[in-house]
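Student: I would like to see how this sequence folds:
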Amino acid sequence: MAEAAMPAEGATPLLEGLLDDIVLWDILVLLDPKSLIRCRAVRRAWRGATSTRRFLLAHHARQPAFPAFSSSGCRNFLALDHRAAQLHTVARHDEPFFLEASCDGLLLSRSYSGRRLTVYNPATREHVSLRCPSWGFNIVGMYPHGLTGEYRLLLTNFMVPEGQTGCYVLPLGSDEPPRYIGWLDMVKPLCIEISALVRDSLHWFLLKHGKYVLVFDTTAESFRHMRGPLPLGGVDAGLFEMDDTLGIHCHDDAMEIVTIWVLQDYQSEVWHLKYRIKLPVADIWEKLQVGGESWGLGVGVVSGDGDVLLLIHFRGWLLQVDSDGKLIKSFDCGHRDLCIYEYRLKQSLVKHTFLRALKGSEGSASPLI
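Tutor: Numbering: from 1, shown residues only. Reported below is the predicted structural model:
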């Protein structure tokens with residue numbers, strides 16, 4: 001908590017009987033965005049105190065990271081509050097969209113047709129629709145560029161003449177052509193991999209390239225690679241952020257055991273086999289009244305407070321399994337075509353100037369419900 005301070009002489013305290021710093025940094029900063037917005041309507045002083053950039057950044061940092069999903073033929077995007085076992089629709093499109101990135105409370109999606117690119121903040125309902133990069137470009141990441149304050153897209157293009165094949169950078173909303181930043185032999189698989197933004201760098205786990213983690217420094221806008229865990233001991237690996245470091249999860253061929261490696265020392269590239277979770281197959285079969293059939297599972301990982309929770313989607317159900325392999329929650333989510341992403345939505349009320357600046361540059365209906 002910041003050093004406690006009394007209100008200035010003659011000033012009305014934010015809440016009678018409590019120091020203002022306690023109200024701000026121990027109470028209001030912990031509220032979810034909807035509750036905080038309601039509090040702002042109660043008192044003008046609360047609105048002012050909770051609208052500073054310092055407070056909004058601290059509030060964003062304290063928000064849980066919700067797993068992202070799609071449903072209804074990729075027309076709806078949802079977020080899961082795993083604590084309450086509730087799915088919330090955060091955006092609805094009029095045509096199928098790919099979810100391309102999630103960063104600082106912003107979601108980036110691209111239409112299947114390739115004609116529309118949408119950036120939106122579900123917490124503030126701000127959005128802007130932009131022109132997609134020209135044909136041949138694939139979006140492999142979105143990141144804040146610390147030196148300029150811009151949000152930029154990392155792109156790949158392998159449909160251009162020799163010498164221009166590789167990676168490009170494009171500031172969101174820019175009318176300039178993407179800027180070429182070079183080529184790396186391990187870059188091509190990025191078209192199908194999902195990145196994790198940790199310590200101002202994007203990371204991808206490339207199982208087919210010697211089990212390396214490819215790293216993109218978002219400040220220098222350059223690539224390097226780091227060691228991955230060896231041996232991995234599984235298939236279908238996924239990379240995720242865990243307590244400001246990296247985690248990699250994979251499962252065995254029978255989809256009965258999930259293994260999770262954690263990057264214990266980022267600088268020294270030391271990995272630790274932290275979990276080997278045996279899925280409660282019998283309990284799941286009994287719960288869903290199925291058995292003896294192909295799993296066809298979707299598996300995701302939620303991390304927080306130094307522990308993990310497995311999310312399993314099967315036949316319209318979402319199940320939560322703890323790190324001891326115990327089935328702790330399950331509910332019928334009503335979406336047979338639910339798709340689990342590795343992306344996480346961490347809600348933010350921070351105002352992004354580029355959204356307002358670009359508003360109206362490419363007019364379209366809001367994708368938000």
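
Student: show me where the protein has helices.
Tutor: 20-22, 33-42, 44-49, 53-61, 281-288, 353-358 (DSSP state H).

Student: Val270 is nearest to which of those helices?
Tutor: helix 53-61 (26.3 Å; CB to CB). Where you see a C-beta, it was placed from the backbone N, CA and C, and this is true even at glycine.

Student: if we can go back for a sec, most packed of the helices of the chain?
Tutor: Ranked by mean neighbour count, the helices of the chain are led by helix 20-22 with a mean of 17 (mean count of other CB atoms under 10 Å).

Student: for that helix, name the packing helices and strands.
Tutor: Contact partners of helix 20-22 among helices and strands, from 3 or more CB pairs under 8 Å, 6 or more residues apart in numbering; DSSP states H and E: none.

Student: let's have the helices of the chain in CSV, adding mean pLDDT.
Tutor: Shown next, in CSV, are the helices of the chain (pLDDT from 0 to 100):
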stretch, mean pLDDT
helix 20-22, 90
helix 33-42, 93
helix 44-49, 91
helix 53-61, 96
helix 281-288, 84
helix 353-358, 80
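
Student: using a markdown table, please lay out those together with distance to Pro171.
Tutor: Listed next are the helices of the chain as a markdown table, based on distance: least, CB to CB, whole Å:
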| stretch | distance to Pro171 |
| --- | --- |
| helix 20-22 | 38 |
| helix 33-42 | 27 |
| helix 44-49 | 32 |
| helix 53-61 | 21 |
| helix 281-288 | 46 |
| helix 353-358 | 9 |
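
Student: tell me which of those helices sits nearest to His272.
Tutor: Proximity to His272 (CB to CB) singles out helix 53-61 among those, at 25.1 Å.

Student: the helices of the chain: which one's closest to Phe137?
Tutor: Judging the helices of the chain by CB to CB, what sits closest to Phe137 is helix 353-358, at 18.8 Å.

Student: who are the packing partners of that closest one?
Tutor: Applying 3+ CB pairs under 8 Å, 6+ apart, one finds that helix 353-358 makes contact with strand 126-131.

Student: strand partners (parallel or antiparallel) of the strand it packs on?
Tutor: strand 116-121 (antiparallel) (DSSP bridges).
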